[in-house]
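Peer 1: quick one: sequence and predicted model below, then my questions.
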Amino acid sequence: MTTLWKNVAECLRAEVAEYGRLLHLMEEQRELIFKREPGAILLANRSIQAQVDVLHECRRRREEMACRLAAEHARPANATLRSLIPLICPEARPLMEALIAEVNRLIHRVRRIMGLNERLLACAVDCQQELLRRLWPSAFTKTYSADGRVTVSSHRGSPSMRTAV
């Protein structure tokens with residue numbers, strides 16, 4: 001037995017930590033949405049994108065280590081990490097199973113929270129657009145596509161409200 005599995009485990013631990021950081025950033029984003037701080041939301045979005053990039057690198061490293069483990073045992077390079085667990089010493093198998101399960105749980109949690117934040121942002125944009133349409137109804141045109149989607153466009157011509165000088 002080789003100790004290559006330790007490198008895979010270390011990659012999984014790093015991935016778990018980075019998913020934790022991403023979840024924290026997404027929770028901060030949700031708070032900013034509720035506080036209606038658009039500038040801070042944009043900054044949070046950049047931080048989230050940077051963290052997603054970090055996660056992509058973690059995943060790439062983990063997949064590379066898993067590929068090396070598979071190659072060492074004459075398994076296909078595209079073998080799943082779960083299918084490689086029997087190649088690991090019996091004492092380390094529960095650790096690997098737990099780390100894999102935790103990464104998968106965090107992926108599902110990130111997807112759920114990301115979907116929630118996306119819906120919150122869409123709702124905030126819709127509310128803002130509705131407010132603008134009520135203030136300047138002649139400045140917006142609503143059209144419907146063949147598949148039933150609604151598109152609202154604004155006319156950038158002359159403003160319908162002017163301030164008195």
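Peer 2: Yep, it's here.

Peer 1: quick one: mean pLDDT for stretch 138-146?
Peer 2: Averaging pLDDT along stretch 138-146 yields 77.

Peer 1: which stretches of this structure form strands?
Peer 2: 140-144, 150-154 (DSSP state E).

Peer 1: and these as a markdown table, adding mean neighbour count and distance to residue 119?
Peer 2: In short, each C-beta sits where N, CA and C put it, glycine included. Compiled in a markdown table, the strands of the chain are given as follows (neighbours: other Cβ atoms under 10 Å; distance: least, Cβ to Cβ, whole Å):
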| stretch | mean neighbour count | distance to residue 119 |
| --- | --- | --- |
| strand 140-144 | 11 | 21 |
| strand 150-154 | 10 | 17 |
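
Peer 1: residue 122: which of those strands is closest?
Peer 2: With Cβ to Cβ as the criterion, residue 122 lies closest to strand 150-154 of those, at 12.9 Å.

Peer 1: might you list the low-confidence residue ranges for this structure?
Peer 2: 1-2, 152, 154-165 (pLDDT under 70).

Peer 1: again, only this time at 80
Peer 2: Within the chain, the set of residues satisfying pLDDT under 80 comprises 1-2, 128-129, 132-133, 137-143, 148, 150-165.

Peer 1: for residue 57, find the nearest of the strands of the chain.
Peer 2: Using Cβ to Cβ, the nearest of those to residue 57 is strand 150-154, at 37.8 Å.

Peer 1: wait, doesn't residue 8 sit right on residue 100?
Peer 2: No: with contacts defined as Cβ atoms under 8 Å, residue 8 does not count as touching residue 100, sitting 9.7 Å away.

Peer 1: which residues do these two both contact?
Peer 2: Residues touching both residue 8 and residue 100 by Cβ atoms under 8 Å, 6 or more residues apart in numbering: residue 81.

Peer 1: out of the strands of the chain, which gets nearest to residue 27?
Peer 2: Comparing those by Cβ to Cβ, strand 150-154 comes nearest, at 30.8 Å.

Peer 1: which strands and helices sit next to the helix ranked longest in the chain?
Peer 2: When the chain is parsed with DSSP state H, its longest helix is helix 93-135. Where contact means 3 or more Cβ pairs under 8 Å, 6 or more residues apart in numbering; DSSP states H and E, helix 93-135 is packed against helix 4-35, helix 81-84, strand 140-144, strand 150-154.
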